[in-house]
Each structure stands twice: as C-alpha cells, then as structure tokens.
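>>> quick one, fold the following:
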Amino acid sequence: MTAFSNKEGRMYRIVSEYNAPLIIGVLLSLIIANTYVTWYAINIGGNHTVLLIVNEYGMAFFFARAMKETWEAIVSPKGALHYSSKDKKASAQRIGMPLIATAGGWLVPFTMAYVVCGVLGLNLNPTQIGIIPTATDIVFSLFVLKMALKSENKQVRDVVIGFVMTLALVDDGIGLGAIGAVFHEGGLALLPLIGLTGGAILLGVLSNKVFKITNHWWYFLLMNMSWFGLYWGGLPPALGFCFIIPTMPHAH
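Down below sits the predicted model:
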C-alpha cells in the first residue's frame with residue numbers, strides 16, 4: 001500500500017473490501033439488458049465466448065478468494081476454523097456449523113421444488129429446479145455482512161466472515177458440481193482432468209514443499225492449467241483455481 005497516498009489507499013481498500021467491481025458490473029448489466037434488449041440478447045446472452053469469460057473465468061477469481069480465506073482460517077493456528085486437538089468439542093462445532101447450514105441450504109430448495117411441482121402438477125424436473133438456487137454465490141450476503149459488522153472488533157468479524165466464506169465455498173462447490181452432472185451434455189474427458197488439473201495440483205505441491213517456490217505468478221499459471229483441465233474435461237471450470245490455493249505457500 002506504500003505506492004498509494006492515504007486517500008488513494010483508503011479508496012482502494014473500500015473498492016476491494018466491498019467488491020465494487022461486482023456491484024458496478026451487476027448494475028450496468030441490468031441497465032443494458034433492459035435498455036438494449038436485442039443487442040444484449042445477441043452479443044452477451046447468446047455469445048458463448050462472453051459467457052465463458054465472465055461466468056466461468058471471472059467467477060474463478062471469486063471462488064479462489066473464498067478458498068484463500070477459508071483455507072487460511074483452517075490451517076492457521078489462530079484461524080477461526082482451525083481444528084485444535086486441545087479443544088476438540090469447540091473445534092468440531094466451528095467446523096460443523098457451515099456444513100450443517102449447507103445441508104439446510106440444499107434441503108429447503110429441493111423440498112420446495114418437489115412440493116410446488118407436485119401441488120401445481122407442473123411437467124418439470126424438480127431436481128433441475130432445486131439445483132439452481134443451491135448454486136447461487138453468497139457474495140452479496142457477504143457484502144451486507146461486512147457493512148453490518150463494520151463496528152465490531154476484528155475477532156468477531158473474522159469468525160463470522162470465516163463461517164460465511166466456508167458456507168459459500170462448500171455450497172457453491174457442490175452446486176456447481178451438481179449442475180455439471182445434471183445439465184452436462186456428453187461424457188467426461190478423463191485425460192485433461194487427470195493430466196492438466198491433476199498435474200497442476202501435483203506441481204503445486206512439489207513447487208511449495210520440495211522446490212520452495214514462492215513466486216505467486218507461478219501458482220497463477222498452475223491455476224489456469226487447472227482451469228483448462230476442468231473446462232476440457234467437461235466439468236464447470238469456475239472451481240479450477242481453488243484446487244491450487246491449498247498448495248501455495250502461506251505467511252504462517
């Protein structure tokens with residue numbers, strides 16, 4: 001932050017912390033989609049390349065950030081989600097709560113989908129309907145949460161935000177995998193999955209543990225290698241970066 005003035009540094013922190021690019025992007029999309037309907041449908045909604053870049057590659061950065069926060073909370077001795085053998089009960093409660101919340105977040109949409117389709121007699125697939133809301137990311141909730149916790153101390157913020165980030169990652173991860181399995185057309189290609197994604201993970205572990213590489217651009221290259229492995233392998237590639245985060249060197 002030394003390269004910024006105090007004013008610039010404060011603005012940068014606000015933009016970064018409150019996900020300003022995402023908020024601005026959503027607002028612009030809503031305005032354009034409802035103002036230039038035909039142009040948007042053809043050039044954005046109907047353009048596979050644009051959707052791939054925005055939805056799959058752009059979202060990979062969000063999931064990578066969520067994975068980073070969650071992984072550090074798990075492996076750091078002072079992390080909010082760290083398992084301690086000295087206090088097993090408290091540790092199990094901290095880790096178990098996001099998983100229980102995720103189960104509830106899956107159970108309710110599926111139950112509602114089956115009930116509504118059954119009561120109204122809709123000729124639709126309740127499984128496909130139920131999957132969609134379970135895979136919605138939680139970034140807007142996180143934005144509101146940060147605003148609400150602004151006056152709280154850092155320890156409280158870390159615990160609550162760590163919980164939400166873990167919930168987001170688990171919920172979205174399962175959701176994306178389920179969407180890929182249910183809506184995917186065609187079979188899986190194991191060669192790119194094993195060769196690229198599996199190879200990227202192995203290289204990440206060796207780079208950190210054996211070769212002691214600390215250059216983060218190298219790990220970003222491995223993230224892209226993992227991303228292409230999922231994409232060519234027939235799975236949602238938005239989670240491609242997440243597999244490399246645990247292999248990266250950490251400050252502690």
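
>>> tell me the secondary structure for Ala64?
Secondary structure, DSSP: H, G, I helix; E, B strand; the rest coil: Ala64 is helix.

>>> and it, how far from Leu124?
The gap separating Ala64 from Leu124 is 34 Å, by CB to CB, to the nearest Å. From N, CA and C alone the C-beta is placed, and that goes for glycine too.

>>> for Ala20, same thing?
In terms of CB to CB, Ala20 sits 38 Å off from Leu124.

>>> likewise for Phe110?
13 Å.

>>> out of those two, which sits in the more crowded spot?
Per other CB atoms under 10 Å, whichever of Phe110 and Leu124 has more neighbours is Phe110, with 16 against 11.

>>> output the below-cut-off pLDDT ranges for the stretch 101-250 of the chain.
For the stretch 101-250 of the chain, applying pLDDT under 70 flags the ranges 135-140, 169, 173, 176-177, 180-181, 183-186.

>>> ok, residues contacting stretch 66-85?
90-92, 94-95, 98, 158-159, 161-163, 165-166, 168-169, 172, 241-242, 245-246, 250, 252 (CB atoms under 8 Å, 6 or more residues apart in numbering).

>>> narrow those residues to those in helices?
Residues of these located in helices (DSSP state H): 90-92, 94-95, 98, 158-159, 161-163, 165-166, 168-169, 172.

>>> drop anything exposed from the contacts of stretch 66-85.
Buried positions within the contacts of stretch 66-85, assessed by neighbour count (16 or more other CB atoms under 10 Å), are 94-95, 98, 158-159, 161-163, 165-166, 168-169, 172, 241-242, 245-246.

>>> which SS class is His82?
Three-state call for His82 (three-state DSSP): coil.
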